[in-house]
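>>> this is a predicted model, with the sequence first.
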Amino acid sequence: MCGIVGIVQKQETKIGKAIIEALTKLEYRGYDSVGIASIYDNKVIITKDQGKISEVSERIDVNSIKGKIAIGHTRWATHGPPSKENAHPHVDCSGDISVIHNGIIENFQRLKEELLEQGHVFQSETDTEIIPHMIEQQVKKEGLALKEAIIQVVKRLEGTFAICVVSNLNPDRIYCAKRDSPLVIGINTDRMFCASDIPAFLNKTRKVVLLHDDEFVTLTSEGYDIINFNTLEKVIRKPHIVSWKPEMAQKAGFPHFMLKEIHEQPHSLADYVRIKQPSLTRIAEKIYNAEKIFLLAAGTAHYSTLTGEHLIRRFAKKSSSSIIASEFESVNSLIDEDTIILPVSQSGETMDTIMAIKSAKEQGASILSAVNVIGSTITRHSDEVLYLYAGPEIGVAATKTYTAQTIAMWDIGLELGKLSGEINNSEYSEARKLYQQIPNIVKQTIVRNEARANHVASWFAKKNSSFYLGRGLNLQTANEGALKMKEIAYIHSESYPAGESKHGPIALVEEDYPVVFITPQDYTHNRIIGNIMEMKARGAAATVVIEEGDREIEELSKWKFEIPQGYSEMFSTIPYVIPLQLLAYYTAVRRNLSPDMPRNLSKSVTVL
Ligand code: F6R
C-alpha cells in the first residue's frame with residue numbers, strides 16, 4: 001500500500017504545501033518515504049526523501065515548491081528498502097517524465113531487462129521505475145504522443161497499479177490509470193485532485209468520481225476525461241457527493257481501523273500470493289539443510305511460528321522449536337554456526353525479538369526472517385527476509401499481519417515438502433493451486449460471518465471469562481482467537497489443546513460458560529465432538545467454527561460460525577481465525593471499548 005495524490009489548478013500557488021497536506025491524510029497507507037514532482041518553468045522538479053512526512057517536510061522547503069501542477073507519494077516499501085533513491089516519483093532517463101505508483105508490477109523484471117537492453121539507466125530498485133522509462137521509449141523511440149505512450153505502457157503492465165504521470169511534454173495535465181489499486185478524483189471549482197483515497201482532499205471538496213479498473217484519466221484544471229484504456233471508449237461518469245466525516249473516510253467508511261484491516265485480508269493475502277520472492281527458495285533450502293532450527297517471535301507472531309514449527313516437522317521431517325522471544329535465554333547455549341533462527345514479526349522492531357536475534361548472531365547463527373515492515377531493524381539483522389506484504393497495520397491488535405505470517409509459514413512449508421520429497425510434483429502443484437484460493441475463501445468467510453459475529457457478540461459481551469479450544473494446527477487458531485478477545489474486549493480468555501481441557505480447566509465451567517471450539521472437517525473432528533460433549537455436560541455454551549453443513553457439530557452448539565465449503569483442509573487456520581477476529585472486534589464494540597487502541601498496549605513493543 002502507498003498513498004498517491006495529484007493536484008492541477010488554475011492559479012499558481014505554493015502547491016508543495018497542498019500536496020503535503022493531502023499526503024498527511026494518506027499516511028495510514030504508507031510512511032517510509034515521501035516525494036513530490038511539480039512542474040515549474042516548464043521543468044519537472046523532483047523533491048523526495050526517506051522518512052515520515054513530518055520528518056521530510058522539516059528537511060525540505062515545502063513552500064518553495066510552486067506551480068499549477070504536482071503529484072505526491074507516501075511510500076510503503078515493497079520492491080527495494082526505504083531510501084531516497086527508492087522514494088517516488090521516479091523519472092525516465094531525461095527527467096522529463098515522472099511517475100508515482102501504488103501497487104505491484106508483477107512482470108517488472110522482464111520489462112526491466114528489455115529496457116536495460118535498450119540502454120535505459122535505472123536509479124532505484126523499485127518496480128515502478130520501469131514505467132517512466134517505458135513511456136520514454138514509446139515517446140522518444142516510437143514517436144507516440146505522451147497520452148498514447150502511457151496507454152501503450154499500462155496495457156503491458158501485469159499486476160496492480162494506480163499511477164499518475166506528469167511531464168513537461170504536456171505541462172498542464174496529469175494522466176492517471178488504474179487496475180486493482182484505488183484511485184479517485186476530487187472536483188473543486190479552481191482545482192482538481194486525484195488520490196488513492198478520498199481523505200486526501202475531503203477538507204477541500206466532497207464532489208468525487210470513483211475510477212474503475214482499466215480506466216485512464218486526463219485531469220486538467222478544467223475537468224476530467226475518462227476512457228477505458230483497452231477499448232479507448234469514452235466513459236461518462238458523473239461525480240457524487242460523499243457524506244463521510246474526514247476521520248471515517250480515512251478508515252474507508254469503517255468505524256475502526258481494526259475492522260478495515262480485517263476486511264483487507266483478501267487483498268493483503270492476494271498480494272502475498274502474487275509476489276514471487278526469490279528469498280523463498282533460499283530460505284527453504286537453508287532450513288532443509290540445517291541442523292538446528294529455532295523459530296522466534298512474540299505475541300500473535302508467536303502463534304504463526306507454532307504453525308511454522310508444525311509445518312517444518314510435517315514437510316521437512318525435522319524437529320524445530322518455536323521460542324517466545326523473551327525466553328530465548330533458555331536455548332542460548334544451543335546456538336552455534338549450524339543453527340537457523342527464523343524470527344517472525346509484523347513491525348520488525350519488537351525489542352525482545354531483536355535482542356534474541358543479536359545474541360544468536362553473535363554465536364554464528366543464520367537469521368532468516370519473515371517481516372512486514374521493509375527496512376525495519378529485524379530485516380537489517382537478517383541474512384534472508386521473506387516479506388509479508390500486508391501493508392501498514394494501524395489497529396493495535398494484529399489481524400491481517402497474522403494471516404500474512406501464517407501464509408508465509410505455508411509458503412515455506414510447501415517448498416520444504418517439495419525439497420524433501422514429502423509431496424511429489426503433482427501434489428505440490430495441486431497444493432499451490434489451493435493456496436492461490438485462500439484470499440477468495442477469506443473473502444467469503446468475512447461476508448458469511450460478520451453479521452453473525454455482531455449478534456453473538458451481544459451475548460459474549462456480558463461474560464467475563466471464556467475458553468478457546470482447538471486441536472492440531474487449529475490450536476494456533478484457538479490461541480489467536482483468545483488473545484484477540486483478551487486484548488481488545490478485556491474478557492479473560494484462555495486457549496488450550498481441546499484434549500487438555502479436561503485436565504484442570506474444565507473445573508471453571510458452569511452454566512452458560514462460553515467455550516469456543518475450532519472444528520474443521522479434518523482428523524481432529526471426531527475427537528473434538530467428544531470435547532464438546534464433555535464441556536456441554538458441565539453446562540458450557542459452545543460456540544463452534546465449523547465447515548458449512550457440518551450438522552453433527554452444529555447440533556451441539558449454541559452459536560455457530562461457518563467456513564464456506566471448498567477451502568483446503570490443509571490451509572484451514574487462515575479462514576478459521578476470521579470469525580474469531582470479528583467476534584473479538586464486535587464484542588469490544590458492544591462493550592463500548594476502543595478496538596484500535598486497547599489499554600496498556602502499543603503497536604510495537606520496543607522495550608524488554
Ligand atoms: C497482538 C499483537 C502483539 C504482536 C507482538 C509482536 O494482537 O499485535 O501480540 O503480535 O507484540 O509484534 P511484532 O509482530 O511486531 O513483532
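Ah, there it is. Numbers count the residues shown, from 1 in each chain.
>>> need the pLDDT of Ala252.
pLDDT recorded at Ala252 is 82.
>>> in this structure, where is pLDDT below threshold?
Across the chain, the ranges flagged by pLDDT under 70 are 604, 606-608.
>>> can you find which strand in it contains the most residues?
The residue-count maximum for a strand in the chain (DSSP state E) belongs to strand 3-13.
>>> pairing partners for it, with directions?
Using DSSP bridges, strand 3-13 pairs in its sheet with strand 67-75 (antiparallel), strand 191-195 (antiparallel).
>>> just send these back as JSON lines, with mean neighbour count and distance to the ligand too.
Using the backbone N, CA and C atoms, a C-beta is placed for each residue, glycine as well. As requested, the strands paired with strand 3-13 are exported to JSON lines (neighbours: other CB atoms under 10 Å; distance: least, CB to the nearest ligand atom, whole Å):
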{"stretch": "strand 67-75", "mean neighbour count": "28", "distance to the ligand": "20"}
{"stretch": "strand 191-195", "mean neighbour count": "26", "distance to the ligand": "29"}
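>>> so which of those strands comes closest to Thr377?
Closest to Thr377 of the strands paired with strand 3-13, according to CB to CB: strand 67-75, at 18.6 Å.
>>> alpha carbons only: can I get that closest one in PDB?
The C-alpha coordinates for strand 67-75 follow below in PDB (Å, rounded to 0.1, in the frame of the first residue of the first chain):
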ATOM      1  CA  GLY A  67       3.300  25.800  -9.700                       C
ATOM      2  CA  LYS A  68      -0.100  24.800 -11.000                       C
ATOM      3  CA  ILE A  69       0.500  21.100 -11.100                       C
ATOM      4  CA  ALA A  70       2.100  18.500  -8.900                       C
ATOM      5  CA  ILE A  71       1.900  14.800  -7.800                       C
ATOM      6  CA  GLY A  72       3.000  13.400  -4.500                       C
ATOM      7  CA  HIS A  73       3.600  10.000  -2.900                       C
ATOM      8  CA  THR A  74       3.900   8.400   0.500                       C
ATOM      9  CA  ARG A  75       5.500   5.000   0.300                       C
END
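>>> and Ala584, what does it touch?
Contacts of Ala584 were listed using CB atoms under 8 Å, 6 or more residues apart in numbering, and they are 397, 481, 484-485, 487-489, 595.
>>> what's the separation between it and the ligand?
10 Å (CB to the nearest ligand atom, to the nearest Å).
>>> and the contacts of Ala584 near the ligand, which?
Contacts with the ligand within the contacts of Ala584, counted by CB under 6 Å from any ligand atom: 397, 487.
>>> how about TSV for the contacts of Ala584, with neighbour count and distance to Val139 added?
Formatted as TSV, the contacts of Ala584 follow (neighbours: other CB atoms under 10 Å; distance: CB to CB, whole Å):
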residue	neighbour count	distance to Val139
Ala397	28	48
Gly481	30	55
Lys484	28	52
Met485	28	57
Glu487	22	54
Ile488	28	52
Ala489	25	57
Pro595	26	50
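>>> of all the contacts of Ala584, which comes closest to the ligand?
Closest approach to the ligand among the contacts of Ala584 (CB to the nearest ligand atom): Ala397, at 4.0 Å.
>>> SS state for that closest one?
What DSSP: H, G, I helix; E, B strand; the rest coil gives for Ala397 is coil.
>>> secondary structure element holding the residue nearest to it when sequence neighbours are not counted?
Distance criterion CB to CB, 6 or more residues apart in numbering; nearest residue to Ala397, sequence neighbours excluded, is Ile488 at 5.2 Å. Per DSSP states H and E, Ile488 falls inside helix 474-489.
>>> how many neighbours does the one residue in the stretch 101-250 of the chain that gets nearest to the ligand have?
Nearest residue of the stretch 101-250 of the chain to the ligand, counting by CB to the nearest ligand atom: Gln250, 20.5 Å away. Applying other CB atoms under 10 Å, we find 23 residues neighbouring Gln250.
>>> state the distance from the residue in the stretch 51-200 of the chain that the ligand sits nearest to to Gln137.
Across the stretch 51-200 of the chain, the shortest distance to the ligand (CB to the nearest ligand atom) belongs to Trp76, at 15.3 Å. The gap separating Trp76 from Gln137 is 28 Å, by CB to CB, to the nearest Å.
>>> how about Asn230?
Separation of Asn230 from Gln137 (CB to CB) stands at 20 Å.
>>> now swap in Glu129 and tell me
With CB to CB as the criterion, Glu129 and Gln137 are 13 Å apart.
>>> now swap in Ile53 and tell me
As for Ile53, its distance to Gln137 is 33 Å (criterion: CB to CB).
>>> Gly308 too?
44 Å.
>>> looking at these two, which is more packed in?
A direct count of neighbours by other CB under 10 Å for Gly308 and Gln137 places Gly308 higher, at 27 against 22.
>>> do you know which of the strands paired with strand 3-13 lies nearest Asn425?
That would be strand 67-75 among those, by CB to CB, at 38.9 Å.
>>> close to the ligand: what parts of the chain are there?
298-301, 345-347, 350, 353, 397-398, 483, 487, 604-605.
>>> most surrounded residue in those?
Counting neighbours by other CB under 10 Å, Ser345 comes out on top of the residues of the chain next to the ligand with 33 neighbours.
>>> just to check, that one is in contact with Ser369?
Yes - if you go by CB atoms under 8 Å, Ser345 and Ser369 touch, sitting 7.1 Å apart.
>>> okay, and the common contacts of those two?
Ile378.
>>> got the contact list for Thr543?
By CB under 8 Å, 6+ apart, the contact set of Thr543 is 456, 460, 514-517, 557-561, 583.
>>> same thing with Cys176?
Here Cys176 is in contact with 6, 162-165, 183, 194, 211, 216-217, 219 (CB under 8 Å, 6+ apart).
>>> flag every buried residue along stretch 500-512.
Neighbour-count burial for stretch 500-512, with 16 or more other CB atoms under 10 Å as criterion, is recorded at 501, 505-506, 508-509.
>>> ok, Ser594 to the ligand distance?
14 Å.
>>> the closest residue to Tyr40 other than its chain neighbours and Ala356, how far apart?
In space, and not counting its chain neighbours, Tyr40 is closest to Gly67: 4.3 Å by CB to CB, 6+ apart. Distance, Gly67 to Ala356, using CB to CB: 50 Å.
>>> give me every residue that touches the nearest residue to Ala541 once chain neighbours are set aside.
Leaving aside its chain neighbours, Ala541 sits nearest to Lys558 (4.2 Å; criterion: CB to CB, 6+ apart). Applying CB under 8 Å, 6+ apart, we find Lys558 in contact with 541-543.
>>> go through these and flag which are in strands.
541-543.
>>> and which of the residues you listed is nearest to Lys286?
Closest approach to Lys286 among the ones in strands among the contacts of Lys558 (CB to CB): Thr543, at 41.2 Å.
>>> could I get stretch 340-352 in CSV with only the CA atoms?
C-alpha atoms of stretch 340-352 as CSV (Å, rounded to 0.1, in the frame of the first residue of the first chain):
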residue,chain,number,x,y,z
ILE,A,340,19.0,-21.3,11.8
ILE,A,341,16.9,-18.7,13.6
LEU,A,342,13.6,-17.8,11.9
PRO,A,343,12.1,-14.7,13.5
VAL,A,344,8.6,-13.6,12.6
SER,A,345,7.4,-10.1,13.2
GLN,A,346,5.0,-7.5,11.9
SER,A,347,6.9,-4.4,12.9
GLY,A,348,10.4,-5.8,12.7
GLU,A,349,11.0,-3.6,15.8
THR,A,350,10.0,-5.8,18.8
MET,A,351,12.8,-5.5,21.3
ASP,A,352,12.5,-9.0,22.7
